[in-house]
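Student: No sequence on hand, only this structure:
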C-alpha cells in the first residue's frame, strides 16, 4: 500500500543541519501492521509525519521512492496533500486532549472530517457521527457526542480521536504513540480497536518507544536509532532473537521481564554520534570498534525478511536476552523493613460534579509505609490513586480519616503546623517541566529545596552539585534551564529536588510514564540505587504493572476509589485474589507477539 525507499529528512535550524531521518526504507501491505520503535529523537515521529506531508517548513524531504497506492507522494502540492491527508492516510496522535479542539463537542469534531471530505451528505452527518462513535466502542454515543473533550476520560478521548481520523475511511492509519500514558486496560481496548481496523483491510503504521506494547499488534517491527533503521524483521523472530545491540538493550529495559532488583539499563549513556559517517549507536555500544565509528555498516540479512545494520553478529557477541516470563510464584526472601513512617487510616474524599451531584474519589482507603520500603499503588485512570497521593502529601484534606507522618497527625492540622515538617515528605511528578519555573536555572530549582534544610548560600551551591552528581548529572547542569534538558535529564533534576531536604518519604506519581523505555530504565535503576543507599520510603503510583512489579515490595490495587487488594508484590502477581487484579495483570503487555499466537 505504501512504499518508502531511501527517505531522508533534514532540518535546517539556526544555521545547523540536523539529519533526522537517514536512508529509511520500508513497505506496508493492506491488513498489515508495521511497528517502528525507538527512543525519543530516533526519527520515528518525523518519519510518520513525513508520510502525511507534515514534516515542517524547515524540513528538506527526499526519497528514491515514496508512493502510496502507486501515487508519487513527493510530487504532491499542498492542495494535493489535503486530498490525501485524512481521506486516504489518517494520522492518530498521542495526546487526544491536545489534538481535539477544546471548544468543540466530540460530535462536531467527527462531523468536521465528514464535511471536509464530503463522505456523506449534510442530512446524514449526525447519524454517521453516532455510528462512528459506536464503532470505536464509546458507550452512549448520543450523550458523548454532546460533550467536550475535557469531559471524557483519557481512553474515551483517544477513541473519539480515532473516530474522527477513520471517519473518511483512510486506507492507511499512522498511529504515533496512541496509547502512551493510558492505563493497561484502556491500552488493551485501543489495541483491540486498531486490530479490528487491520482485519478489515486497512494498513497500520504504529509508532512507539515500547517493544512490549507494539508486540500486541505488529506483524513486523523496525527498530530506529539516530535516524536509521538498525534492525527490521517479523515481530516473533525479532523479539525472540534480536541481533542489533540496541534492540537487545530495548528488550532488556522492559520492566516486566525482570525480577525486582535487576538492573534495567544495560547500554551506556550517550547520544547518537554526529555526522553521517559511522554507526550512530557506536557511542553507546560496548562492542563498537573504530571501523564502526568511521563507516556505516552494510545491512545484513540474517534470515528471510530479518535485516540488521551492524558489523557484529550481536547474537554471538552479546549474551542472549532472556525470554520474558511471568514472575515466579516462589516468594523472595523478605527484607527487614523499618518503622512506619506514613500511615493512612480510613481516607474518604468526595468532589462536586458539574451536574451538581457528588462523586466519591477515595473511599475508606488505608495503608502503611515503612522506612526503606516501596508501596506500589496501581489502578486504572479515575481509580483514585492521585487523590490518595495528594491527601498523603497534605495537599488535600480528607472528608474522613487521618494521615500520620512519623506517628504524628499530618492531616487535619493547620498548614502553619505542617510547614516545618514538609521537608520530610516530597514528591516526584509525571511532568517535571510543568512543576519547574521555566525562568529558573537548575541550580536555583534544586537550591530552593536545599534551602529548606537551613543551609547557607555557599553550602547550598555545594549541596546542589552533590545532588546533581547523585542523580548522574554533571555540575554544569546547574546553569542550564529546564527547556534545555531532555526528558530524562529533567526527571533526574526532579529527583534531585525531591532528595534535597533529605525526606523520609517520597511520593512518586507516574514518574516514568511519559519517558521512553530506555530512559525509563535508567530512572528506575536510579531510584532503586537511591532507595538502597538512603533508606527512603516510596509511595509509587503507576498504571504500569510491569514498573510496579519491578520497584515495589508491596502493592495496593485501587478500583472506584477503594483498595480492593493488597499484599506482597510477588504474591499478588502470582496469585491475585480479586477478579479486577486478574484483569489488570492479563492486560499487561509482554514481549510475546499476539499476532504470532493467533
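Tutor: Nice, I can see it. Nothing here was measured: the structure is a model prediction, and the numbers come from that model.
Student: need the next SSE after the lowest-mean-pLDDT helix or strand in the chain, C-terminal direction.
Tutor: For the chain, counting by mean pLDDT, DSSP states H and E, helix 314-317 ranks last in confidence among helices and strands (a mean of 46). With elements assigned by DSSP states H and E, the helix or strand that comes after helix 314-317 is strand 340-352.
Student: Just the buried residues of that following strand, please?
Tutor: Within strand 340-352, the residues that count as buried by 16 or more other C-beta atoms under 10 Å are 341, 342, 343, 344, 345, 347, 348, 349, 350. For glycine as for every other residue, the C-beta is placed from the backbone atoms N, C-alpha and C.
Student: Spit out the contact partners of the third one.
Tutor: When contacts are counted by C-beta atoms under 8 Å, 6 or more residues apart in numbering, residue 343 is found next to 367, 368, 369, 403, 404, 407.
Student: Using JSON lines, lay out the buried residues of strand 340-352 together with pLDDT.
Tutor: Shown next, in JSON lines, are the buried residues of strand 340-352 (pLDDT from 0 to 100):
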{"residue": "341", "pLDDT": "95"}
{"residue": "342", "pLDDT": "96"}
{"residue": "343", "pLDDT": "97"}
{"residue": "344", "pLDDT": "97"}
{"residue": "345", "pLDDT": "97"}
{"residue": "347", "pLDDT": "97"}
{"residue": "348", "pLDDT": "97"}
{"residue": "349", "pLDDT": "96"}
{"residue": "350", "pLDDT": "94"}
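Student: Reformat those into a markdown table and put distance to residue 130 next to each item.
Tutor: Below are those laid out as a markdown table (distance: C-beta to C-beta, whole Å):
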| residue | distance to residue 130 |
| --- | --- |
| 341 | 53 |
| 342 | 48 |
| 343 | 49 |
| 344 | 44 |
| 345 | 47 |
| 347 | 40 |
| 348 | 38 |
| 349 | 36 |
| 350 | 33 |
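Student: Distance check, the spatially most distant residue from the centre of the chain against residue 358.
Tutor: Each residue of the chain has a distance to the centre, and by C-alpha atoms, centre = their mean the biggest one is for residue 123: 41.1 Å. Per C-beta to C-beta, to the nearest Å, residue 123 is found 41 Å from residue 358.
Student: rewinding a little: counting only helices, which of the contacts of residue 343 make the cut?
Tutor: In helices, judged by DSSP state H, none of these are found.
Student: Kindly indicate the member of those with the most neighbours.
Tutor: residue 369 (24 neighbours; other C-beta atoms under 10 Å).
Student: Could you check what's spatially nearest to it, not counting adjacent residues?
Tutor: residue 342 (4.2 Å; C-beta to C-beta, 6 or more residues apart in numbering).
Student: now swap in residue 145 and tell me
Tutor: The shortest distance from residue 145 to any non-neighbouring residue, by C-beta to C-beta, 6+ apart, is to residue 107 (3.2 Å).
Student: name the helices or strands packed onto the strand or helix carrying that neighbour?
Tutor: Here residue 107 sits within helix 106-116, counting by DSSP H and E. When contacts are defined as 3 or more C-beta pairs under 8 Å, 6 or more residues apart in numbering; DSSP states H and E, helix 106-116 packs onto helix 125-135, helix 141-145, helix 154-166.
Student: That one to helix 125-135, inter-axis angle?
Tutor: Angle of helix 106-116 versus helix 125-135, following axes from the mean of the first three to the mean of the last three C-alpha atoms, to 10 degrees, is 120 degrees.
Student: Quick one: mean pLDDT for helix 106-116?
Tutor: If you average the pLDDT over helix 106-116, you get 94.
Student: Any chance you could list what contacts that helix?
Tutor: Residues contacting helix 106-116 (C-beta under 8 Å, 6+ apart): 86, 100-101, 104, 119-120, 122, 125-126, 128-130, 132-133, 144-149, 152, 160, 163-165, 167-168.
Student: ditto for stretch 295-311
Tutor: Applying C-beta under 8 Å, 6+ apart, the contact partners of stretch 295-311 are 220, 228-234, 237-238, 243-245, 276-279, 289, 291-292, 314.
Student: who's in contact with the nearest residue to residue 409 once chain neighbours are set aside?
Tutor: Nearest in space to residue 409, with sequence neighbours left out and distances taken as C-beta to C-beta, 6+ apart, is residue 402 at 6.4 Å. Each residue near residue 402 by C-beta under 8 Å, 6+ apart is listed here: 344, 345, 346, 347, 409, 410, 411, 412.
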